[in-house]
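[1] Provided below are the primary sequence and the corresponding predicted coordinates.
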Amino acid sequence: NAGVTQTPKFQVLKTGQSMTLQCAQDMNHEYMSWYRQDPGMGLRLIHYSVGAGITDQGEVPNGYNVSRSTTEDFPLRLLSAAPSQTSVYFCASSRGQGTETQYFGPGTRLLVL
Amino acid sequence: GENVEQHPSTLSVQEGDSAVIKCTYSDSASNYFPWYKQELGKRPQLIIDIRSNVGEKKDQRIAVTLNKTAKHFSLHITETQPEDSAVYFCAALLGNAGNMLTFGGGTRLMVKP
């Protein structure tokens, strides 16, 4: 199993550009989520999904869209990038809701100029 | 929502000493408390977790204690080694909010040889 994979590893954007961060998992996990981690800070939940076709907002959803058309994939879209979105983005998955272990992907480092 | 505070933000210990990191949470409905270790440039990885029906859990040199009345939980690392140096995050899961983990701000642990 590859676990949770993310692409790209690093991306530079100009203000106003859009892009999609890819996340995939091959563990047949129902639950997937996106976090952002700013320097010296903990992780903050952006969006999450409890299964294919179902998504919901986390703590900091503004400026981001998600979709979950398959169990495996959970892409995160930045609609119009802003410097405040410069961060490291982690995708995570778990077998189900509640007290299930979350497995994190390797992260995508995003710089918005 | 949930709010998690973590202390200290940095902790320096001598190899072989013990390290203790403390977290407090705000919502008494939270029922799951994982701890993650994040090495520089890497993804967070679960090291231990505890559920609200248990007061203490131990795994070799790592232990976690939970005080539901006071709404705080702690990570204890004994006989610290240089490879324990990393950033440690606590988190709390609000049971009636799906799988939305709220993270503390992190503790940078430095173990000096």
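    Yep, it's here. Note that this is a predicted model, so its numbers are computed, not measured.

[2] From now on I want contacts and neighbour counts done on CA atoms only, so please keep to that.
    Will do.

[3] Not counting sequence-adjacent ones, nearest residue to B:Ala19?
    With sequence-adjacent residues excluded and distances taken as C-alpha to C-alpha, 6 or more residues apart in numbering or on different chains, B:Ala19 is closest to B:Ile77, at 5.1 Å.

[4] May I have the beta-bridge partners of that neighbour?
    Beta-bridge partners of B:Ile77, counted by DSSP bridges, are B:Ala19, B:Ile62.

[5] just so I have it, where are all the helices in chain B?
    Assigned by DSSP state H, chain B shows no helices.

[6] Strands of that one, start to end?
    Secondary structure of chain B (DSSP state E): strands at B:4-7, B:10-14, B:19-25, B:30-38, B:45-51, B:56-59, B:62-67, B:72-77, B:86-94, B:101-103, B:107-112.

[7] Would you mind measuring from B:Leu11 to A:Arg68?
    Distance, B:Leu11 to A:Arg68, using C-alpha to C-alpha, to the nearest Å: 40 Å.

[8] So for the two, which residue has more residues nearby?
    Counted by other C-alpha atoms under 10 Å in any protein chain shown, B:Leu11 and A:Arg68 do not tie: A:Arg68 has more neighbours, with 19 against 16.

[9] show me where pLDDT drops low in chain A?
    A:97-99 (pLDDT under 70).

[10] could you redo the last one with a cut-off of 90?
    Within chain A, the segments meeting pLDDT under 90 span A:1-2, A:39-42, A:58-59, A:95-102.

[11] Contact partners for the residue sitting nearest the centre point of it?
    Nearest residue to the geometric centre of chain A (C-alpha atoms, centre = their mean): A:Trp34, 3.0 Å. A:Trp34 sits next to A:45-48, A:76, A:89-92 when contact means C-alpha atoms under 8 Å, 6 or more residues apart in numbering or on different chains.

[12] For chain A, what lies in contact range of chain B?
    A:40-45, A:58, A:90, A:97-99, A:101-107 (C-alpha under 8 Å from any C-alpha of the partner chain).

[13] Report pLDDT for the closest residue to B:His7 other than its chain neighbours.
    Once flanking residues are discounted, B:His7 sits nearest to B:Lys22: 5.4 Å by C-alpha to C-alpha, 6+ apart. We have a pLDDT of 98 for B:Lys22.

[14] wouldn't B:Lys22 be in contact with B:His72 here?
    Yes: here B:Lys22 reaches B:His72: they are 7.2 Å apart, a contact under C-alpha atoms under 8 Å.

[15] Quick check: beta-bridge partners of the residue nearest to the centre of chain A?
    On the basis of DSSP bridges, A:Trp34 is bridged to A:His47, A:Cys91.

[16] And for residue 52, the neighbour number?
    Picked chain A for this. 17.

[17] nope, chain B
    For B:Ser52, the neighbour count with other C-alpha under 10 Å is 15.
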